[in-house]
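*Asks:* Structure for this input, please:
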Amino acid sequence: MSTAADAPTEPDPERVAAALAETDFVRVYARPTGDALAAAGVLARGLAGGNTAFQVRTTRDAAVPDGDGTALALGWTAPNATAIPTGDRPVSAVVAAVVDALGAEPDPLVGLAGVVAAGTAPGDGGSGSLLEEAERRGVVDRRPGVAVPTADLADGLAHTTLVRTPQSDDLDDAGALLDALGVHEDPDEDGRRRLASAVALDATDGAPDRSVAAVERALRPHATPTGPFATLEGTADVFDALARERPGLGEALALGADVVVAGVVAIRDHVAGVHPVLADPTTGRYDGVFVARVAATPAEGATLPAAARLVRDFASPEPLAVVVADDTVAAAVLGSTDATAALRAGVEATGADGDRDVIGDARTGDARFAGGDVQAFIGGFREALG
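*Replies:* Model (predicted):
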């Protein structure tokens, strides 16, 4: 079985900072994940404070292009760049330590959004100092309720990938739930608690046991009164959607541009692809892996990573969930199996003669393979698991 035992070693933030301090120009290449994208924002803001020029690009490429200055890969290991790969700590937390070593102050809100996008609770994974600073500045305030990106609760409940409920991608059902609970805009704490309880019950009804822990990610959110979106967790959801669907817009958000309206539109569009693709999948259960075969075009492939995470957390009886379409696939795992290594083996088995690539880490990954055999992929994937 492919395991995550050989995960990349986390770099020393002091050494990375020393390398960046010696250059006049930094080229940042982030993987298309919310964590890596937010990390790019934390780094870029720190570099700007020290008057170091930079360029940020989100990429799926196997290597960074040649160019001036120092190249830095975030969320992956590039053969020709300094790298901060995904590891035990969120990339955003490591980058915050790099910025601190440069003598700048890491932006706590952007950094914590990356931490949450990595699936880590704020304050964990080496992000304790970020949470302390955010609380000191008053930019986060934990409260009862549900994590959503917008102040409009119905809109937020319908347009999130943090949970999967009957209200997902259904604004009318979300409004009906609020009406039934007597919860309206700007509810009091009791109303927020009632809403959280209802969402938790809906998300875990008939779901595997792990859904109880997974749904907690969307409950008792950190409100962000001065941030671009309503909650920290909702901000992380937007970062992840933009990284997958509209990376240029995500880069602008990470760098501090006012793109809130476009960000809300993007998360709505992303959700409109994620949840419907899971409406009627063909499923198969094997030893340790649950496969959901779905109908999705190559253009909709960017929705599959979020779909795989939702299947793993709220539908799969196995710790490893795979969502596969004709030309795209994504996997999400809890445990020691290396999801991306298994994806590579599966893609190799397809015999695809068109464009193909695989990106990810031990926990999550996705792949594109034009013209390959899906059944051959599933066979190769299962064989790699041992």
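
*Asks:* Could you report the distance from Ser129 to Ala97?
*Replies:* When distance is defined by CB to CB, to the nearest Å, Ser129 is 8 Å away from Ala97. (Glycine included, C-beta is placed from N, CA and C.)

*Asks:* Ignore what I typed, I meant Phe54.
*Replies:* Distance from Phe54 to Ala97, by CB to CB: 18 Å.

*Asks:* More neighbours: those two, which one.
*Replies:* Counted by other CB atoms under 10 Å, Phe54 and Ala97 do not tie: Ala97 has more neighbours, with 24 against 21.

*Asks:* name the element the more buried one belongs to?
*Replies:* Assigned by DSSP states H and E, Ala97 falls within helix 91-101.

*Asks:* In that helix, which residues are buried?
*Replies:* 91-101 (16 or more other CB atoms under 10 Å).

*Asks:* need the next SSE after it, C-terminal direction.
*Replies:* helix 108-117.

*Asks:* Which strands or helices does that following helix pack on?
*Replies:* The helices and strands touching helix 108-117, judged by 3 or more CB pairs under 8 Å, 6 or more residues apart in numbering; DSSP states H and E, are helix 34-49, helix 91-101, helix 128-137, helix 232-245.

*Asks:* mind putting the ones you listed in TSV, distance to Asp12 included?
*Replies:* Formatted as TSV, those follow (distance: least, CB to CB, whole Å):
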stretch	distance to Asp12
helix 34-49	16
helix 91-101	9
helix 128-137	17
helix 232-245	26
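
*Asks:* wait, which of those is closest to Leu201?
*Replies:* Across those, Leu201 has its closest neighbour in helix 232-245 (19.1 Å, CB to CB).

*Asks:* just checking, Glu233 touches Ala218?
*Replies:* Yes - Glu233 lies in contact with Ala218 (CB atoms under 8 Å); the separation is 6.6 Å.

*Asks:* quick one, which of the two is more surrounded?
*Replies:* Neighbour tally, Glu233 and Ala218, criterion other CB under 10 Å: the higher count belongs to Glu233, 28 against 25.

*Asks:* which neighbours do Glu233 and Ala218 share?
*Replies:* Both Glu233 and Ala218 are contacted by 147, 162, under the criterion CB atoms under 8 Å, 6 or more residues apart in numbering.

*Asks:* ok, the nearest residue to Ala96 once chain neighbours are set aside to Arg246 distance?
*Replies:* Once flanking residues are discounted, Ala96 sits nearest to Pro106: 3.9 Å by CB to CB, 6 or more residues apart in numbering. For Pro106, the distance to Arg246 equals 25 Å [CB to CB].
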